[in-house]
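Chemist: generate a structure from the sequence data that follows.
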Amino acid sequence: MIRGIGESIGNAIFENIGRAAGRVQENKPLPADLLESEDAYLVVFDAPGATASDVQVRYVDDRVEVRIDRFRDFHDGFEMRYPGRGLALDGSVTLPEDAVVDAEAATATLKHDGTLQVRIPKSETVDDAETAADDEIEE
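Modeler: Numbers count the residues shown, from 1 in each chain. Predicted structure coming up:
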């Protein structure tokens, strides 16, 4: 009887620790870097343990938004004491104000090293396109 009470208390403690750890992780945004080249922006998110089916990527206004719903398989012969690795994680990166991109041509790649790379090609502005056309005519 006393052993059962101790085991029950231990299970409750493990469960609360697992829930608290999960909430802390879920409230922290995914770490990300924003890089720029002459022809594109590259946003790199840390996404360790994620699989392609866990990841959702959207481009909204001037922002790359990522959501990772990470689920873990159960293991035969083991009982889940607390689910600490199945998480919902979010992150976003806002591109510079002057960024003009072709969001339809963006690509997202989940790398083996646990990073998610979102590449958004730059597009020419109307003014740049007209200037380029004028330059071609003058030559």
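Chemist: where do the helices of the chain begin and end?
Modeler: 2-27, 126-138 (DSSP state H).
Chemist: rank those by pLDDT, which is bottom?
Modeler: Among the helices of the chain, helix 126-138 carries the lowest mean pLDDT, at a mean of 47.
Chemist: for this structure, give me the ranges with low pLDDT.
Modeler: Applying pLDDT under 70 to the chain flags the ranges 1-27, 72-73, 81-86, 125-139.
Chemist: again, 50 this time
Modeler: Scanning the chain for pLDDT under 50 picks out 20-26, 128-139.
Chemist: and F45, how many neighbours?
Modeler: When neighbours are counted by other Cβ atoms under 10 Å, F45 registers 26. Quick note: C-beta positions are derived from backbone N, CA and C, even for glycine.
Chemist: that one and L35, how far apart?
Modeler: Separation of F45 from L35 (Cβ to Cβ, to the nearest Å) stands at 12 Å.
Chemist: shouldn't V43 be in contact with T109?
Modeler: No - here V43 does not reach T109: they are 11.3 Å apart, not a contact under Cβ atoms under 8 Å.
Chemist: tell me the residues that contact both of those two, please.
Modeler: Common neighbours of V43 and T109, using Cβ atoms under 8 Å, 6 or more residues apart in numbering, are Q117.
Chemist: who's more crowded, the two?
Modeler: Counted by other Cβ under 10 Å, V43 and T109 do not tie: V43 has more neighbours, with 24 against 10.
Chemist: if the more buried one is in a bridge, with which residues?
Modeler: L34, V118 (DSSP bridges).
Chemist: could you do V55 as well?
Modeler: The partner residues for V55, given DSSP bridges, come to I68.
Chemist: which residues are in contact with P96?
Modeler: Here P96 is in contact with E36 (criterion: Cβ under 8 Å, 6+ apart).
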